[in-house]
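J.: starting from these lines, generate the structure:
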Amino acid sequence: QVFAGVPVNPPAPPPTTLQVIPDNPNRFDIPEYTGGIDSDFTIEWLQYMHTDNAFPRVYSIGQYPAQNAVSIEGDTLYLWLNGSPASEMMPSDYLDKWYHIVVTRKADNILVWAGDSSDTYTKLIDTTNSDAIPTNGLDFYIGSENAPDTYYNGLISNFRWSKD
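T.: Prediction:
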């Protein structure tokens, strides 16, 4: 049955992205680790990714090479901090399935975890980084880095950024 006025093959919606223009001072700046807890943070989200073609960004502050971003490209998760990536393969079944991704820093240790609906978590990245991770006045995007070939194809839910 076709409803009057509704096209049979409607055009695909444009890629959607969320842009946050941070205030000043920027609440997304992460200070250098100097021995306290001021530089601890957690960034987490739920994702249901359909494809990882090109260079899809889950979130990004700035464009390539990003100040702080996560992209999932060809089965590999890249954590970009201060323009340099750390990377590791995603679990083999991450497409078309809900995953909880967690990026966290405690002291100078940065970890990235991926957990599926069975509450099984895999540690993807374990690296040391005590540097400040400033935004350098760049905009914050969820679902792209506001550049061609960076649109995330799938769902992102419950995105949360917190200072611990």
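
J.: list the contacts for residue 129?
T.: 33, 81, 105, 108, 110 (Cβ atoms under 8 Å, 6 or more residues apart in numbering). Placement of C-beta: from N, CA and C, glycine included.

J.: what of residue 96?
T.: Residues in contact with residue 96 (Cβ under 8 Å, 6+ apart) are 48, 49, 50.

J.: okay, it: pLDDT?
T.: At residue 96, the model reports a pLDDT of 95.

J.: now do it against residue 115, distance only.
T.: Note on residue 96: its distance to residue 115, by Cβ to Cβ, to the nearest Å, is 16 Å.

J.: what's the following helix or strand after the least confident helix or strand in the chain by mean pLDDT?
T.: Within the chain, no helix or strand scores below strand 18-20, which has a mean of 67 by mean pLDDT, DSSP states H and E. Sequence-wise, the next helix or strand downstream of strand 18-20 (DSSP states H and E) is strand 41-51.

J.: neighbouring contacts of that following strand?
T.: Contacts with strand 41-51, where a contact means Cβ under 8 Å, 6+ apart, come from 30, 56, 58-59, 70, 72, 94-105, 152-164.
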